[in-house]
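J.: only the shape, not the letters, is given here:
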């Protein structure tokens, strides 16, 4: 028989527990002594128990020693084995690891790798021996006795940051790496901080990525705006820092240079190059060098200190070894500073532009400008482009490629100019390389056209003047009868843009029907036109301003009323209405005016099919003035008959639908993608077919929809825009 001395804490009383424990163990020992002394086969055994374990927090993927404190643990040679058993409270997932006794008061095991499982877990200690097998021996029946927590001792497993797939980057950052971690849950916010020994830090957000093994996040390395440094990486989940792998993860930011906004330099001239960099050390000095890949020509800058980790400016004497592309390098203590791109940075040494002649040219039409400078290459194959730019509008024109006339001049054949007048700059490029320097000359305003070219003696007709280089900050006047005694002008107006002026025609009392039109600037100077000083314009005594209706059937025959002023009644004067589509037009029959304000034309059938056409009124074949700049009419198809496959003399349809209805008419558009829809209507209800295209200009076929009509229905044909 075996007597088990198990300390009972179910009936604990206040007071130092060590005395209660000692009293119990003393009583158990005396009892066991007498049983052993007077009984055969009786043995005494003090049963192990544990009180506390430490530590109580672990990284989910970082196994580390766990020490369990208690009493009467068996030595390894006793045949008793121990295990640490962990059961997560939120999902019941279980992990275990082997434990060994350090001495009778301590057990030690490793915390398990729980992967992505984190949270509170109950810790149990299991014991087994050859005689009894696995023993579950605590008050709750869940493990060894835990005298302080009655078998309900919990530990916490936390998320853990393992590493990044790269441990270095240039200070520019921007590369994408994988962040490996365990225990971070979907939807949690992950922030990564990089901090150096001077407590300078940058941070970035990580994004979860799918991975067969789980636990991977994607991170774009943030830029490091400081001197190159070795940093420690920390990871925060929902604002709280998580554990890191053993010793923490180190990440190096290294210095680099990127390039320069200045890549073209004039020859024989001292120059300075600003260079964008990252991670430079203001306590150190740097030098820049330029070398030719054609020969051994080299040029070094003076030594320079930096004021910022992100910029260095190198100053050079003039390059005297010839134009071309040459390599730029940066050195620190004799070592080449790596560039962010593996491609070499090339500095282009070019010729220089100084001036241009003549000083002023008309803004419209081709013109020749000679650009003067130095270093141009008249050799065969070297060609240049001249670009003229107006600031601040940004309008520009560029010439065709041309060779240099000499080392000192290039003759630019410029196209017409439609930008603002005044000073402009001309620059030169050889291929894609801009020649440093620029010259300037003046463009003068030019008049190109006016619409309409028919006005009335009454005046007030809106006129649109086209030209080039109008000054939008100045004013202009439209002029009839340029240079004559009857010259009349509109009120002063500001241009709509540098190429357009809107003005009202002035009243005209001079000779009819032709007079001259031009524009004067605010100083009274007439703007020139191409080849002349004015534009001829027709002036009539009448003008129209409105028509009704503006929608016509393609079959024609409708009356169109034209409203205006100054129509001449009688005296053999007739008018015609014209409908024009592109280069094609159709005139109505000639009619006499009904009054000085009204005339009526009969619309002819449309040869254009359906769609919009332009409308005008003519007197004895000549167009008369119109108050509106553009009047359009819309010709719509005309339906003449409807039949179906159930009845060839009428459209007979059923409620089930499916009948093919043939719509006959005029003006259907069968040449484009225009779609038509047949709509049947009964009272307030309507049903429509699927869109179809016309089979010809006179026919289209619709498949009738299912409907709930009870008697006769009406059918209409619809098309987008009609």
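T.: Structure's in. What do you need? Quantities reported herein were computed from a predicted structural model and do not represent experimental measurements.
J.: can we go C-alpha only for contacts and neighbour counts from here?
T.: Fine.
J.: pLDDT below threshold where in the stretch 601-722 of the chain?
T.: 607-611, 627-632, 645-651, 720-722 (pLDDT under 70).
J.: do a quick rundown of the helices in it.
T.: With DSSP state H, counting those that start in this stretch, there are no helices along the stretch 601-722 of the chain.
J.: so what does the helix or strand residue 202 falls within touch, helix or strand wise?
T.: Under the criterion of DSSP states H and E, residue 202 resides in strand 201-208. Counting contacts by 3 or more CA pairs under 8 Å, 6 or more residues apart in numbering; DSSP states H and E, strand 201-208 is packed against strand 190-195, strand 216-220.
J.: let me see the mean pLDDT of that strand.
T.: Averaging pLDDT along strand 201-208 gives 91.
J.: that strand: how far from the chain's middle?
T.: 22 Å (CA atoms, centre = their mean, to the nearest Å).
J.: what's the angle from it to strand 216-220?
T.: Counting by axes from the mean of the first three to the mean of the last three CA atoms, to 10 degrees, strand 201-208 lies at 130 degrees to strand 216-220.
J.: what's the angle from strand 201-208 to strand 190-195?
T.: Using the same axes, to 10 degrees: strand 201-208 against strand 190-195 is 150 degrees.
J.: and strand 201-208, which strands flank it?
T.: strand 190-195 (antiparallel), strand 216-220 (antiparallel) (DSSP bridges).
J.: pLDDT below threshold where in the stretch 101-250 of the chain?
T.: In the stretch 101-250 of the chain (pLDDT under 70), the answer is 129-151, 210-215.
J.: residue 197 contacts residue 231, correct?
T.: Yes. Between residue 197 and residue 231 there is a contact under CA atoms under 8 Å: 7.2 Å.
J.: check contacts around the residue nearest to the spatial centre of the chain.
T.: Closest to where the C-alpha atoms of the chain average out (CA atoms, centre = their mean) is residue 174, at 18.3 Å. Residues in contact with residue 174 (CA atoms under 8 Å, 6 or more residues apart in numbering) are 220-223.
J.: next: residue 293.
T.: Per CA under 8 Å, 6+ apart, neighbours of residue 293: 326-327.
J.: look up how far residue 74 lies from it.
T.: Residue 293 sits 81 Å away from residue 74, taking CA to CA, to the nearest Å as the criterion.
J.: go on, residue 698?
T.: 107 Å.
J.: same check on residue 246?
T.: For residue 246 relative to residue 74 (CA to CA), the value is 32 Å.
J.: can you check residue 177 too?
T.: For residue 177, the distance to residue 74 (CA to CA) stands at 50 Å.
J.: residue 698 and residue 74: who's more crowded?
T.: Between residue 698 and residue 74, counted using other CA atoms under 10 Å, the more crowded position is residue 74 (22 against 18).
J.: that's a strand at that one, yeah?
T.: No. Secondary structure of residue 74 (DSSP: H, G, I helix; E, B strand; the rest coil): coil, not part of a strand.
J.: and it, how far is that from residue 125?
T.: 13 Å.
J.: kindly report the same for residue 510.
T.: 119 Å.
J.: neighbour count winner among these two?
T.: Shown here are residue 510 and residue 125; by other CA under 10 Å, residue 125 has more neighbours (27 against 17).
J.: is that one in contact with residue 84, as I believe?
T.: Yes. Applying CA under 8 Å, one finds residue 125 in contact with residue 84, separated by 4.8 Å.
J.: what pLDDT is listed against residue 597?
T.: At residue 597, pLDDT is 90.
J.: isn't it up against residue 568?
T.: No. With contact defined as CA under 8 Å, residue 597 does not count as touching residue 568 (9.0 Å).
J.: so for those two, which residue has more residues nearby?
T.: Per other CA under 10 Å, whichever of residue 597 and residue 568 has more neighbours is residue 568, with 21 against 18.
J.: quick one: that one is in a helix?
T.: No. Secondary structure of residue 568 (three-state DSSP): coil, not part of a helix.
J.: contact partners for it?
T.: Residue 568 touches 542, 593, 595-596, counting by CA under 8 Å, 6+ apart.
J.: can you flag the buried ones in the residues you listed?
T.: Neighbour counting with 16 or more other CA atoms under 10 Å marks 542, 593 as buried within the contacts of residue 568.
J.: much appreciated, bye for now.
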